[in-house]
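>>> Okay, predicted coordinates and the sequence, questions at the end:
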Amino acid sequence: MSEYSLYEPSNKTAIYLNGISVKYQIPTEPIKNFKEYVIRYIQGRIEHKEILALNNVDLMIDQGEVFGILGRNGAGKSTLLKVVSKVLIPTNGRVWVKGNVSPLLQLGAGFHIELTGRENIYLNATLLGHSREEIDERFEEIIDFADIGMFIEAPLRTYSSGMISRLGFAVATAWKPDILILDEVLSVGDVAFQEKCIHRMKGFRESGSTVLIVSHSIDQILSICKRALWLDRGEIMMLGAAGEVCQTYQKKLTYN
Amino acid sequence: MIYDSAKRKHPAIEEFLALFRYKDLIYQLVRRDIVARYKRSVLGVAWTMLNPLGTMLIMVLVFSRVFNTVQSYPTYVLTGIICWTMFQQSTSFAMSSMVWGSRLFQQIYLPRTSFVVSTVLASLVNFFLSLVPLFIIMAFSNVKFGLSILLLPFSMLILFIFSLGVALLVSTLAVFFPDVAEMYPVLLLAWMYLSPIIIPVEILQEVLNGLVITLNPFYYVVNIFRLLIYDGIFPTATQWGLAFLVSITFLVLGWILFTRKSDSFAYHV
């Protein structure tokens, strides 16, 4: 029996995962067309290789916690974030998440280069689930934060890549999220802008947002997280105080 | 706002509610489709009106001698073409919007139907604009404007429902079988020549004892539009009933298939 399966989410809980498994099915021989699929289906020759990206994961995170996730590439970190942000429905298990989740994954993924900065702000913010009124309210603030000034009425193709990421970050963080997901993104723009970003992140943390951080940098996790999780091949290797988890993970890394 | 995977509603209902919550997104996506498409062209949105006119002109030049039994053939062709364009564009674009959207679907939660719905709505706006050249051609070729034209919104509704239904069906298929996207244009071409778009209904009615018409769902959809605009008469209750029945059936099938499969979209890219 796992540590959490006896508990139900309480009113302090932000994220509750119970027995989460994500099983990807990859055809052993790729089936590319419909005809082939039909023929194989009739012959009963459709074979799949199963990959367990997450294997029976239990996790409970409280509101306001800053939680770190460690692990190698392919350990299931991103899959875990996708389950929390409702992008991926797990094959098994129960997900329970309270409040709005703001994933700061690849910034500006929903931008359109022919539209102006103004139009893109509206497009991107509605993609994140905000209403028109909410955007009207924060519009000036977003432009100020992104520091794009006169370019606001120019099409995005005239922007530098730095400006695009600044705009993406400004839109994504204009509203205080209940749960903020950071997947290796704190490397946007120049040093001055990074300072601004970190300042804003700290503001969220202080005002009670739950923060979920995925990082390769053990130092980063150590400096901001209280608790941490170490994932390997879809399974929880260790869950506990950030200091201990980081130490064990560090040891394991140096052994190999 | 709590998301609990243990207490989910039926996917078809859940998706409908989610789409309603994201209505501002739908508006932005429709706007993007229309604005971005013509942003770098000089004539801009005027192309929506010029394109069907161009196609009509070619068809009239090529076929008017052959199909000279049809009264005011230009109007006949144009009514057919703008309906077909709406259907063809919306379903093909919906498919490619799923491919474009898959990058976003992998990163953030969005109602899965949002790209399909917005694409079909954008095509409906284009359809509305292409009514302008149609009315101009009608005025020039002395086709009478009847009172029946007032029922046009219902005909547009039927066209929208039918296109959305087919768009959902083909987009679901295209996610699982990328070949569908390659096959679809060919299928559409065949479907167009089996529908009374360019070819007069009377001629198609002689093919296979008229089965080509009776079993063709698009016939019922385009028929209502032609009756209202080109013939200038009110369709009978049976004609309305059949058109609504056919299009709603496609929408229900499409919506159920799409929402049932949409949980596994993220597993399939």
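Nice, I can see it. Keep in mind that this is a model prediction, so the values were computed, not measured.

>>> Kindly report the residues of the stretch 101-250 of chain A close to chain B.
Taking CB under 8 Å from any CB of the partner chain as the contact definition, the stretch 101-250 of chain A meets chain B at A:101, A:103, A:105-106, A:109-110, A:112, A:114-115, A:119, A:122-123, A:126-132, A:155. (Glycine included, C-beta is placed from N, CA and C.)

>>> Return the members of these classed as buried.
Neighbour-count burial (16 or more other CB atoms under 10 Å in any protein chain shown) is assigned, among those, to A:101, A:103, A:105-106, A:110, A:112, A:114-115, A:119, A:122-123, A:126-130, A:155.

>>> Got phi/psi on the closest residue to chain B within the stretch 151-256 of chain A?
Here the stretch 151-256 of chain A gets closest to chain B at one residue, residue A:155, 7.3 Å apart by CB to the nearest CB. Phi and psi for residue A:155, reported as degrees, to the nearest 10, are phi -60, psi 150.

>>> Could you do residue A:93 as well?
The phi and psi torsions at residue A:93 (degrees, to the nearest 10) take the values phi 100, psi 170.

>>> can you pull out the helices in chain B?
B:11-21, B:23-38, B:46-63, B:73-105, B:114-129, B:131-140, B:152-176, B:179-193, B:201-205, B:211-214, B:217-229, B:237-261 (DSSP state H).

>>> Rounded mean pLDDT for the longest one, please.
It stands for helix B:73-105. The average pLDDT for helix B:73-105 rounds to 89.

>>> Any residue of that helix touching chain A?
Yes: residues of helix B:73-105 are located near chain A by CB under 8 Å from any CB, namely B:103-105.

>>> The fifth one now?
No: if you take CB under 8 Å from any CB as the test, helix B:114-129 misses chain A, and the best it gets is 9.0 Å.

>>> list the buried ones in that helix?
For helix B:114-129, burial by neighbour count (16+ other CB under 10 Å) applies to B:114-127, B:129.

>>> Same check on the third one?
Buried residues in helix B:46-63, counting neighbours by 16+ other CB under 10 Å, are found at B:48-49, B:51-53, B:55-56, B:59-60, B:63.

>>> Greatest separation within those: which pair is it?
Of all pairs drawn from the buried residues of helix B:46-63, the one with the longest distance (CB to CB) is B:48 and B:63, at 23.5 Å.

>>> How about the contacts made by the closest residue in space to residue A:200 that isn't next to it in sequence?
Distances taken as CB to CB, 6 or more residues apart in numbering or on different chains put residue A:173 closest to residue A:200, at 5.5 Å, once the chain neighbours are dropped. Residues in contact with residue A:173 (CB atoms under 8 Å, 6 or more residues apart in numbering or on different chains) are A:102, A:104, A:145, A:197, A:200-201, A:204.

>>> Report how many residues lie close to the closest residue to chain A within the stretch 151-269 of chain B.
The stretch 151-269 of chain B approaches chain A most closely through residue B:179 (3.9 Å), counting by CB to the nearest CB. Neighbours of residue B:179 under the rule other CB atoms under 10 Å in any protein chain shown: 15.

>>> pretty sure it is touching residue A:34, no?
Yes: contact criterion CB atoms under 8 Å: residue B:179 and residue A:34 qualify, at 5.7 Å.

>>> follow-up on the earlier one: need the buried residues of helix B:46-63 in a markdown table (columns: distance to residue B:199 and pLDDT).
Formatted as a markdown table, the entries for the buried residues of helix B:46-63 read as follows, by distance: CB to CB, whole Å; pLDDT from 0 to 100:
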| residue | distance to residue B:199 | pLDDT |
| --- | --- | --- |
| B:48 | 25 | 80 |
| B:49 | 24 | 82 |
| B:51 | 21 | 84 |
| B:52 | 17 | 83 |
| B:53 | 20 | 85 |
| B:55 | 15 | 85 |
| B:56 | 14 | 82 |
| B:59 | 10 | 83 |
| B:60 | 13 | 83 |
| B:63 | 8 | 82 |
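
>>> Closest to chain A out of those residues?
Minimum separation from chain A among those (CB to the nearest CB) is found for residue B:48, which lies at 16.8 Å.

>>> thought the closest one was touching residue B:128?
No: under the criterion of CB under 8 Å, residue B:48 makes no contact with residue B:128, lying 9.2 Å away.

>>> Can you give me the neighbour number for residue A:135?
With neighbours defined by other CB under 10 Å, the count for residue A:135 comes to 22.

>>> Next up, the contacts around residue B:194.
B:204, B:212, B:216.

>>> Could you list the low-pLDDT ranges of chain A?
A:1-6, A:27-32, A:44-47, A:104-108, A:184-189 (pLDDT under 70).

>>> Could you measure from residue A:48 over to residue B:121?
37 Å (CB to CB, to the nearest Å).

>>> Look up how far residue B:254 lies from the residue nearest to residue A:131 when sequence neighbours are not counted.
Nearest non-adjacent residue to residue A:131, counting by CB to CB, 6+ apart: residue B:24, 5.1 Å away. If you measure residue B:24 against residue B:254 using CB to CB, the figure is 24 Å.

>>> More neighbours: which of the two?
A direct count of neighbours by other CB under 10 Å for residue B:24 and residue B:254 places residue B:254 higher, at 24 against 18.

>>> got a list of what that one touches?
By CB under 8 Å, 6+ apart, the residues touching residue B:254 are B:164-169, B:172.

>>> Quick check: the gap between it and residue B:94.
Residue B:254 is 10 Å from residue B:94, where distance means CB to CB.

>>> who touches both of these two?
Shared contacts of residue B:254 and residue B:94 (CB under 8 Å, 6+ apart): B:167-168.

>>> Just the closest of the residues of helix B:73-105 next to chain A to residue B:12, please.
Nearest to residue B:12 out of those is residue B:105 (CB to CB; 18.4 Å).

>>> The closest one contacts residue B:114, doesn't it?
No: counting by CB under 8 Å, residue B:114 is not a contact partner of residue B:105; they are 9.8 Å apart.

>>> Tell me how many other residues surround the residue nearest to residue B:117 when sequence neighbours are not counted.
In space, and not counting its chain neighbours, residue B:117 is closest to residue B:26: 6.1 Å by CB to CB, 6+ apart. Residue crowding around residue B:26 was assessed by other CB under 10 Å; the count is 19.

>>> list the contacts for residue B:26?
Going by CB under 8 Å, 6+ apart, residue B:26 touches B:19, B:114, B:117-118, B:121.

>>> do residue B:164 as well
Each residue near residue B:164 by CB under 8 Å, 6+ apart is listed here: B:90, B:116-117, B:120, B:251, B:254.

>>> Could you report the pLDDT at it?
Looking at residue B:164, its pLDDT stands at 98.

>>> Next: the one 3 residues further on.
You'll see residue B:167 listed with a pLDDT of 97.

>>> and if you look at residue B:46?
The predicted local confidence for residue B:46 comes out at a pLDDT of 83.

>>> any idea how far it lies from residue B:136?
Going from residue B:46 to residue B:136 by CB to CB gives 13 Å.

>>> which residue ranges form the helices in chain A?
Counting by DSSP H, residue ranges of the helices within chain A are A:34-43, A:77-84, A:117-127, A:132-146, A:161-172, A:191-206, A:218-224, A:242-255.
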